[in-house]
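**Student:** My questions are about this predicted structure, shown below with the sequence.
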Amino acid sequence: MTGEQIIFLITAGYTLGSGLMVVTTRNLVHAALWLVATLFGVAVTYALLNANFIAVVQIVVYIGAIAILFIFAVMLTRKDLRDNTPQMNKNWWVGALLAVLTFAGFAFLLQGWSGFSKTAAAIPSEFDAVGALGEALVSPNAYVLPFEVASVLLLAALVGAVYLAFNKK
Amino acid sequence: MVPLSWYLMLAAALFSIGLFGVLVRRNAVAILLGVELMLNAVNINLVAFWRYGDVTSMAGQVFTVIVFVVAAAEVAVGLALVISVYRRRNTVVADELDMMKW
């Protein structure tokens, strides 16, 4: 077992453990903080995959913006945080069964795929992944149209969010 | 070297945990937390396929960035809806928001 595999196993265990805490913990503020821990574990996974830029964006955008937005929303709807009400449905075991079946289905499908246990080729030393990503996002031959559509979607969503949350009184 | 299968299994497990959260949680904000976990599982898959496929083709990373944008839009609209519902109905429990149930 190499060092990289040990680091991967520690990261995966940490990510899945904090992910389980997100969906099971009773206090929602704690759930949002466990989400921060999970997102950090996912960022480490990106770094292990040599996607350094994506790892930094994960920390800045997901932890810095999205998780903080969640904590704000939890605090603005604070009344339902009372710990004496159940936080899960009565028939939660159906959901647990469905989740386990989904995982088993993924595992079964992936086992039968020929590229399943493929190993990665080394990245060419002169290849600049961040530069290539930047060029791909703005090049007319690559992904400039999806990029612009995504930016319009984000603008429309934020205008809609301001309209929905605005207090008219 | 870590084989691709480990990353795919991590993503599948994270997706299932998120699915469990979406299905069983009663609080609308907690349901959105589950959706975030599922989106992150998809991102792990996209980045893993970029790394284990053709590294010079940036499609995997580009779509990861687009998933970030969609996740931000989803959270902004979702939480605005939750706050608006809380202001009118004084609850964020998904079971009690049944005024459109016939």
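**Tutor:** Arrived safely, thanks for sending.
**Student:** In this structure A:Ala132 contacts B:Met58, no?
**Tutor:** Yes: here A:Ala132 reaches B:Met58: they are 5.2 Å apart, a contact under C-beta atoms under 8 Å. Using the backbone N, CA and C atoms, a C-beta is placed for each residue, glycine as well.
**Student:** Neighbour count: these two, which is higher?
**Tutor:** Neighbours were counted for A:Ala132 and for B:Met58 using other C-beta atoms under 10 Å in any protein chain shown; B:Met58 has more, 24 against 18.
**Student:** residue boundaries of the helices in chain B?
**Tutor:** With DSSP state H, the ranges of helices along chain B come out as B:4-24, B:28-52, B:59-89.
**Student:** Give me the most central residue, chain A.
**Tutor:** Against the mean C-alpha coordinate of chain A, by C-alpha atoms, centre = their mean, the closest residue is A:Leu39 at 5.8 Å.
**Student:** TSV please, covering the helices of chain B and showing mean neighbour count, mean pLDDT and distance to chain A.
**Tutor:** Output for the helices of chain B, formatted as TSV (neighbours: other C-beta atoms under 10 Å in any protein chain shown; pLDDT from 0 to 100; distance: least, C-beta to the nearest C-beta, whole Å):
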stretch	mean neighbour count	mean pLDDT	distance to chain A
helix B:4-24	23	92	3
helix B:28-52	22	91	4
helix B:59-89	19	90	3
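**Student:** and of those, who's closest to A:Val23?
**Tutor:** A:Val23 sits nearest to helix B:4-24 of all these, at 3.3 Å, using C-beta to C-beta.
**Student:** what packs against that closest one?
**Tutor:** Applying 3 or more C-beta pairs under 8 Å, 6 or more residues apart in numbering or on different chains; DSSP states H and E, we find helix B:4-24 packed against helix A:3-24, helix A:28-48, helix A:92-111, helix B:28-52.
**Student:** re earlier: what about the closest residue to the residue nearest to the centre of chain A other than its chain neighbours, neighbour count?
**Tutor:** Excluding the flanking residues, the one nearest A:Leu39 by C-beta to C-beta, 6 or more residues apart in numbering or on different chains is A:Tyr62, at 4.7 Å. Neighbour count of A:Tyr62, defined by other C-beta under 10 Å: 26.
**Student:** Hmm, A:Tyr62 is touching B:Phe68, no?
**Tutor:** Yes: counting by C-beta under 8 Å, B:Phe68 is a contact partner of A:Tyr62 at 7.3 Å.
**Student:** Switch the helices of chain B over to TSV; also include distance to A:Gly95.
**Tutor:** Output for these, formatted as TSV (distance: least, C-beta to C-beta, whole Å):
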stretch	distance to A:Gly95
helix B:4-24	3
helix B:28-52	10
helix B:59-89	20
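**Student:** closest one to A:Leu137 among the ones you listed?
**Tutor:** Closest to A:Leu137 of these is helix B:59-89 (C-beta to C-beta; 6.2 Å).
**Student:** Report the inter-axis angle for the closest one versus helix B:28-52.
**Tutor:** Relative orientation of helix B:59-89 versus helix B:28-52 (axes from the mean of the first three to the mean of the last three C-alpha atoms, to 10 degrees): 180 degrees.
**Student:** elements contacting helix B:59-89?
**Tutor:** Secondary-structure packing of helix B:59-89 (3+ C-beta pairs under 8 Å, 6+ apart): helix A:52-57, helix A:68-76, helix A:129-138, helix A:144-165, helix B:28-52.
**Student:** right, so of the ones you listed, which gets closest to B:Pro3?
**Tutor:** B:Pro3 lies closest, by C-beta to C-beta, to one member of the helices and strands packed on helix B:59-89: helix B:28-52, at 8.7 Å.
**Student:** Generate CSV for the helices and strands packed on helix B:59-89, with distance to A:Ile6 as supplementary columns.
**Tutor:** Converted to CSV, the helices and strands packed on helix B:59-89 look like this (distance: least, C-beta to C-beta, whole Å):
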stretch, distance to A:Ile6
helix A:52-57, 19
helix A:68-76, 32
helix A:129-138, 25
helix A:144-165, 37
helix B:28-52, 18
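**Student:** Please work out how many residues are found near the closest residue to A:Val36 other than its chain neighbours.
**Tutor:** Using C-beta to C-beta, 6+ apart and skipping the chain neighbours, the partner closest in space to A:Val36 is A:Ala67 (4.8 Å). Here the number of neighbours of A:Ala67 (other C-beta under 10 Å) works out to 22.
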